[in-house]
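Q: when you get a sec, could you give me coordinates for this:
(2 chains)
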Amino acid sequence: MICQGRVWRYGDNVDTDVIIPARYLNTADPKELALHCMEDIDTSFAANVEVGDIVVADKNFGCGSSREHAPVALKASGITCVVAGSFARIFYRNAINIGLPLVELGDDVKKIKAGHIIRIDLAQGILENTSTGEIFKVQPLPGFIREIAQVGGLINYVKGEKA
Amino acid sequence: MGMTMTEKIFARHAGLDHVEPGQLIKCQVDVVLGNDITAPPAIKEFDRIGKPVFDKDKIVLVPDHFAPNKDIKSAEQSKIMRDFARKHKITHYFEVGRMGIEHVLLPEAGLVAPGEVIIGADSHTCTYGALGAFATGVGSTDMGATMATGETWFKVPSSIKVELTGIMPEWVCGKDLILTLIGMIGVDGARYQSLEFTGDGIASLSMTDRLTISNMAIEAGAKNGIFPVDAITMEYVTGRVTKTYEVVQADEDAVYERVITIDLGALSPVVAMPHLPENVRPINEVPEIKIDQVVIGSCTNGRIEDLAQAAAILADHAVHEDIRLIIIPGSQAVYLEAMKLGYIETFIKAGGVVSTPTCGPCLGGYMGILAAGERAVATTNRNFRGRMGHVDSEVYLSGPAVAAASAVTGRISAPWEVVK
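A: So this is what the prediction gives:
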């Protein structure tokens, strides 16, 4: 799978409360959630995000609440991949489970800036910053987590496993 | 090589003799929990699998976040969960009037036990580590899949040993300990790891303190926060837990990635300043900050001992004229007990409002939302930007004694400023 798109850039500890504030959790409809995605950290996001865009952040992305509505809102906004220095564990799990690709890049993430265009080849494990020409190696997901991601999420994986 | 408590519980539930950090395992689950926000999407995913529930006695559903329902949309969400509970004859569905805040309710009702593996579609599911169980938060898809299969996957975490010594001074509580620890290691200081509390100091920690400490393990990024099972644990679970369970203790030669020692006797009441739980300061170093609202309650501090601390301060003092004090007992049982002990009367006479159990204001849902520029002291667990309302409001986290004292003075205050 290849993702290529424009970068929305955020800092450390982006919590799930700002990705999708709880005042909108009286629905689980992805389209409605997308209307308010990132609202408390970036009021320009929901109106300007385009299909194929990529969110890039520093450490501990997705900390806080376990609300799966957070990766769901990002995915429904058109985000095809989230790249971060590191991820909070529940967000990481949830994103894999719903089929939203993640790339954990460590300190190299600092070299990616807002508005850059990046291209990620998940199968080859390569992230290319086409705006700067830099190329980064991406660690593959381990063991059956990779299988869950490859079939598009946990439910497909469970169905396949039991078939 | 020995195993930590978490490793031992995982090995037993995965049918393995031994597990080690980093290993990917599939594990049997003893309890699966969901609430009115997370269960509806979980039910949607569950239905896609097309299987019956794995065990109607091991699924727990609690409408607590936006219940009693705050609007039509939340009523629709609660109805999805209620209809599911009826259709699948879920034993432990708690209707409004019998429910409580989930992490206050489950231990109280004896639904979680030492040695178990518990997952919940709520990040504060880690609360049950206080009982010597492995408990962690997951998302809705994990909950939905586990309701069908009875199992889930984990990466075995490495562990941080938190060695507690000494005894907490007056006015210091479990909240001050966990906030102090988060201040030391940061909001990602235990990311993907297990916090295992040990040491002589544990014997002086009540079950309420332990539940508060384990509850906020997630605020350090931890997968779980677990306590050894001792006489205090056994006294708590005896008479509550009727199912069989297996107590697990860490091996003496268990391997920890890091050891952190905290002298309970050296702790002071603390406050976590906006907008991260790691911005912790001892109460004596907090400048004069005028506030608008105080919230006492939540899955972190909504138990009877928490309300007792607040009542001790509010018994002889009125709430400041500029302050809205909102007190939320964590369950119906806590509410009743607080009535019997006279706390509810104390709170109302002092000028506070007492609500039915709900998560409400903690996550900015309802029942105490802040306007732009307003500040609250809250005994809740998160002070992220916009957490309790407007994006330009502020939340200061503390234990119940600091919160109650602040309600009296109208600014962030130490308990000894009010109770001489």
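Q: going by C-alpha atoms from here, please, whenever you check contacts or count neighbours.
A: Fine.
Q: the nearest residue to A:G152 once chain neighbours are set aside: how many residues sit nearby?
A: In space, and not counting its chain neighbours, A:G152 is closest to A:G99: 4.7 Å by Cα to Cα, 6 or more residues apart in numbering or on different chains. Neighbourhood size, A:G99 [other Cα atoms under 10 Å in any protein chain shown]: 22.
Q: again, but for B:T146
A: With other Cα under 10 Å as criterion, B:T146 counts 24.
Q: please, which helix or strand holds it?
A: helix B:140-149 (DSSP states H and E).
Q: what mean pLDDT does that helix have?
A: Averaging pLDDT along helix B:140-149 yields 98.
Q: same question for stretch B:269-276.
A: On average, stretch B:269-276 scores 98.
Q: where does chain A have low pLDDT?
A: Residues of chain A meeting the criterion pLDDT under 70: A:162-163.
Q: show me the strands in it, by range?
A: When assigned using DSSP state E, the strands of chain A occupy the ranges A:2-9, A:54-57, A:81-84, A:102-104, A:117-121, A:126-129, A:135-137.
Q: may I have the first one exported as CSV, CA atoms only?
A: Looking back up the chat, that one is strand A:2-9. Extracted in CSV, the C-alpha atoms of strand A:2-9 (Å, rounded to 0.1, in the frame of the first residue of the first chain):
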residue,chain,number,x,y,z
ILE,A,2,1.2,3.5,-0.9
CYS,A,3,0.1,6.7,0.7
GLN,A,4,1.2,10.0,-0.8
GLY,A,5,0.0,13.4,0.5
ARG,A,6,0.4,16.7,2.1
VAL,A,7,1.5,16.9,5.7
TRP,A,8,-0.5,18.4,8.6
ARG,A,9,2.1,18.9,11.3
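Q: how about the most centrally placed residue in chain B: what's its closest non-neighbour residue?
A: By Cα atoms, centre = their mean, the mean C-alpha position of chain B lies nearest to B:N215, the distance being 3.4 Å. With sequence-adjacent residues excluded and distances taken as Cα to Cα, 6+ apart, B:N215 is closest to B:T127, at 3.8 Å.
Q: ok, that neighbour to B:G225 distance?
A: Distance, B:T127 to B:G225, by Cα to Cα, to the nearest Å: 8 Å.
Q: what of B:N383?
A: Relative to B:G225, B:N383 is positioned 20 Å away (Cα to Cα).
Q: next: B:P274.
A: Remark: distance between B:P274 and B:G225 (Cα to Cα) = 24 Å.
Q: how about the helices in the chain?
A: All of this refers to chain A. A:16-19, A:30-34, A:45-48, A:69-76, A:89-98, A:143-150, A:154-162 (DSSP state H).
Q: actually chain B
A: Taking DSSP H to define them, one finds helices in chain B at B:5-14, B:39-49, B:72-87, B:102-108, B:140-149, B:174-185, B:207-215, B:231-237, B:298-301, B:304-314, B:332-340, B:343-350, B:400-409, B:415-418.
Q: ok, which of those comes nearest B:I369?
A: Closest to B:I369 of the helices of chain B, according to Cα to Cα: helix B:298-301, at 14.5 Å.
Q: the closest one and chain A, are they touching?
A: No: counting by Cα under 8 Å from any Cα of the partner chain, chain A has no neighbours in helix B:298-301; the shortest distance is 13.2 Å.
Q: quick one: mean pLDDT over that helix.
A: 98.
Q: which other helices and strands does it contact?
A: helix B:102-108, helix B:207-215 (3 or more Cα pairs under 8 Å, 6 or more residues apart in numbering or on different chains; DSSP states H and E).
Q: between the ones you listed, which one is nearest to A:A95?
A: Per Cα to Cα, nearest to A:A95 of those: helix B:207-215, 23.4 Å.
Q: same for the closest one, what does it pack against?
A: Partner elements for helix B:207-215 (3+ Cα pairs under 8 Å, 6+ apart): helix B:174-185, strand B:224-226, helix B:231-237, helix B:298-301.
Q: I'd like those as CSV, with distance to B:P415 appended.
A: Converted to CSV, those look like this (distance: least, Cα to Cα, whole Å):
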stretch, distance to B:P415
helix B:174-185, 13
strand B:224-226, 28
helix B:231-237, 27
helix B:298-301, 16
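Q: just name the most buried of those.
A: With neighbours taken as mean count of other Cα atoms under 10 Å in any protein chain shown, those reach their highest mean count in strand B:224-226, at a mean of 33.
Q: strand partners (parallel or antiparallel) of it?
A: Strand B:224-226 pairs in its sheet with strand B:194-198 (parallel), by DSSP bridges.
Q: now tell me what touches the strand it pairs with from outside.
A: The contact list for strand B:194-198, computed with Cα atoms under 8 Å, 6 or more residues apart in numbering or on different chains, reads B:5-6, B:157-164, B:217, B:222-228.
Q: buried ones in stretch B:247-266?
A: For stretch B:247-266, the neighbour count (16 or more other Cα atoms under 10 Å in any protein chain shown) marks B:247-250, B:255-256, B:262, B:264 as buried.
Q: tell me the one of the residues you listed nearest A:F45?
A: A:F45 lies nearest to B:Y256 out of the buried residues of stretch B:247-266, by Cα to Cα, at 42.1 Å.
Q: which parts of chain A sit against chain B?
A: A:13, A:15, A:17-18, A:21-23, A:25-28, A:40, A:60, A:63-68, A:88-91, A:93-94, A:97-98, A:143, A:154-155, A:158-159.
Q: 6 Å instead?
A: Neighbours of chain B within chain A, by Cα under 6 Å from any Cα of the partner chain: A:23, A:26, A:65-66, A:68, A:89-90, A:94, A:159.
Q: now stretch A:105-117: how far from the chain's centre is it?
A: Here stretch A:105-117 is found 14 Å from its chain centre; the criterion is Cα atoms, centre = their mean, to the nearest Å.
Q: coming back round to it: right, and the helices of chain A - which one's nearest B:A376?
A: Using Cα to Cα, the helices of chain A put helix A:16-19 closest to B:A376, at 17.4 Å.
Q: so which other helices or strands are in contact with the closest one?
A: Contact here means 3 or more Cα pairs under 6 Å, 6 or more residues apart in numbering or on different chains; DSSP states H and E; on that basis helix A:16-19 packs against no helix or strand.
Q: swap the cut-off to 10 Å and go again
A: helix A:69-76 (3 or more Cα pairs under 10 Å, 6 or more residues apart in numbering or on different chains; DSSP states H and E).
Q: and the strands of chain A as a markdown table, adding distance to B:Y335 and mean neighbour count?
A: What follows is these, written out as a markdown table (distance: least, Cα to Cα, whole Å; neighbours: other Cα atoms under 10 Å in any protein chain shown):
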| stretch | distance to B:Y335 | mean neighbour count |
| --- | --- | --- |
| strand A:2-9 | 46 | 19 |
| strand A:54-57 | 43 | 25 |
| strand A:81-84 | 44 | 24 |
| strand A:102-104 | 44 | 22 |
| strand A:117-121 | 54 | 20 |
| strand A:126-129 | 55 | 19 |
| strand A:135-137 | 56 | 14 |
